[in-house]
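K.L.:
sequence unavailable; structure follows:
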């Protein structure tokens with residue numbers, strides 16, 4: 001039981017198809033402990049890992065509520081890799097209770113990744129309970145179940161201050177005008193879940209960014225919980241709004257608005273850069289894989305369909 005947990009928790013959970021059953025069992029277990037759970041369901045390991053990581057990273061709950069993530073895939077590794085792409089997320093794969101205790105004590109792990117192929121439901125419950133009940137810097141197998149020495153405990157505290165800075169967006173200097181920022185600060189960060197794409201966040205909530213895609217890149221059909229508008233600055237692209245069965249061919253200076261929930265795929269014919277703005281926090285839910293998208297676009301372009 002998780003009766004040593006005193007701070008209210010919210011756990012954001014998700015899995016791919018290989019971890020679905022284990023995730024469902026753990027969601028039921030957490031709810032039996034009166035822990036609030038937001039279940040994001042089942043999708044690809046990279047998409048669900050990124051989504052849980054993003055939500056834990058950007059959690060804005062009250063200081064009296066701690067937000068953590070719980071993920072499951074075949075090995076428990078892939079989902080953790082993608083969750084760790086986001087600042088402040090410390091996702092670890094745990095196959096034993098000792099690993100869960102070590103990772104909470106040493107790393108203050110806030111996203112637990114489980115293996116759907118290697119871990120039974122009963123074992124997973126033990127791992128989850130250990131993860132819930134183990135405080136940061138507490139005695140653990142790695143410390144031979146003894147309290148950590150003062151110098152090591154201090155090192156752990158310092159690491160918690162430094163790790164959230166890794167991968168965080170650059171801050172735009174207040175005294176620099178917005179136009180100059182667009183011109184001077186053009187180093188973009190890769191978009192890990194879409195090959196060929198990179199992005200630089202310019203402003204948060206409502207969010208604006210510069211996005212660049214290499215020629216030949218494809219965004220598989222996907223949708224967002226927010227509407228977004230964009231202006232093409234360089235290059236040429238097509239956007240297929242599958243919800244409305246419409247195609248938009250865009251070049252330099254063209255503007256497009258896509259409503260929240262509309263499923264759309266994109267093809268880039270040249271190296272393309274555009275300015276994009278949306279309300280709320282960024283999310284992206286894939287409705288097909290990359291190869292399916294490429295085949296559909298190639299077929300349509302070959303048929304000369306508009």
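P.N.:
Right, received. Where do you want to start? Here the structure is a predicted model, which is why all the values come from computation and not from measurement. Numbers count the residues shown, from 1 in each chain.

K.L.:
give the contact list for the closest residue to residue 156 other than its chain neighbours.
P.N.:
Residue nearest to residue 156 in three dimensions, not counting chain neighbours: residue 137, with 5.4 Å by Cβ to Cβ, 6 or more residues apart in numbering. Bear in mind the C-beta positions are built from the backbone N, C-alpha and C, glycine included. When contacts are counted by Cβ atoms under 8 Å, 6 or more residues apart in numbering, residue 137 touches 105, 148, 153, 156-157.

K.L.:
low-scoring pLDDT stretches of the protein, where are they?
P.N.:
The chain contains residues with pLDDT under 70 at 1-7, 60-64, 164-187, 205, 305-306.

K.L.:
please enumerate the helices of it.
P.N.:
Applying DSSP state H to the chain gives helices spanning 20-32, 45-57, 78-83, 97-107, 121-133, 150-162, 178-184, 290-303.

K.L.:
could you dump those helices to CSV with mean neighbour count and distance to residue 196?
P.N.:
Formatted as CSV, those follow (neighbours: other Cβ atoms under 10 Å; distance: least, Cβ to Cβ, whole Å):
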stretch, mean neighbour count, distance to residue 196
helix 20-32, 18, 30
helix 45-57, 24, 15
helix 78-83, 26, 18
helix 97-107, 20, 33
helix 121-133, 19, 37
helix 150-162, 11, 31
helix 178-184, 11, 22
helix 290-303, 13, 10
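
K.L.:
in JSON lines, list the ones you listed along with distance to residue 249.
P.N.:
Below are the helices of the chain laid out as JSON lines (distance: least, Cβ to Cβ, whole Å):
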{"stretch": "helix 20-32", "distance to residue 249": "39"}
{"stretch": "helix 45-57", "distance to residue 249": "28"}
{"stretch": "helix 78-83", "distance to residue 249": "32"}
{"stretch": "helix 97-107", "distance to residue 249": "48"}
{"stretch": "helix 121-133", "distance to residue 249": "50"}
{"stretch": "helix 150-162", "distance to residue 249": "46"}
{"stretch": "helix 178-184", "distance to residue 249": "25"}
{"stretch": "helix 290-303", "distance to residue 249": "11"}
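
K.L.:
residue 68: which of those helices is closest?
P.N.:
helix 45-57 (6.6 Å; Cβ to Cβ).

K.L.:
who are the packing partners of the closest one?
P.N.:
Counting by 3 or more Cβ pairs under 8 Å, 6 or more residues apart in numbering; DSSP states H and E, the packing neighbours recorded for helix 45-57 are strand 9-15, strand 36-42, strand 66-73, helix 78-83, strand 111-115, strand 285-286.

K.L.:
a markdown table for these, including distance to residue 49?
P.N.:
Converted to a markdown table, those look like this (distance: least, Cβ to Cβ, whole Å):
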| stretch | distance to residue 49 |
| --- | --- |
| strand 9-15 | 8 |
| strand 36-42 | 11 |
| strand 66-73 | 6 |
| helix 78-83 | 3 |
| strand 111-115 | 8 |
| strand 285-286 | 12 |
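
K.L.:
residue 21 against residue 117, yeah?
P.N.:
No - counting by Cβ atoms under 8 Å, residue 21 does not reach residue 117; the two are 10.6 Å apart.

K.L.:
could you work out the end-to-end span of stretch 99-113 for me?
P.N.:
11 Å (Cα to Cα, to the nearest Å).

K.L.:
any idea how far stretch 16-34 is from the chain center?
P.N.:
From the chain centre to the centre of stretch 16-34 is a distance of 19 Å (Cα atoms, centre = their mean, to the nearest Å).

K.L.:
actually stretch 214-223, not the one I typed
P.N.:
Counting by Cα atoms, centre = their mean, stretch 214-223 comes out at 18 Å from the chain centroid.

K.L.:
and residue 44, what is it in contact with?
P.N.:
16, 286, 289.

K.L.:
and what of residue 48?
P.N.:
14-16, 40-42, 71, 73, 79.

K.L.:
what's near enough to touch the spatially most central residue of the chain?
P.N.:
Centroid check for the chain by Cα atoms, centre = their mean gives residue 50 as the closest residue, at 2.3 Å. Taking Cβ under 8 Å, 6+ apart, we find residue 50 in contact with 82-83, 85-86, 192-193, 284.

K.L.:
could you dump these into a markdown table with distance to residue 223 added?
P.N.:
Below are the contacts of residue 50 laid out as a markdown table (distance: Cβ to Cβ, whole Å):
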| residue | distance to residue 223 |
| --- | --- |
| 82 | 19 |
| 83 | 21 |
| 85 | 21 |
| 86 | 20 |
| 192 | 19 |
| 193 | 14 |
| 284 | 8 |
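
K.L.:
hmm, which two among those residues are most spread apart?
P.N.:
Farthest pair in the contacts of residue 50, by Cβ to Cβ: 83 and 284, 14.7 Å.

K.L.:
look up how far residue 103 lies from residue 97.
P.N.:
Per Cβ to Cβ, to the nearest Å, residue 97 is found 11 Å from residue 103.

K.L.:
since that was my last question, I'll sign off now.
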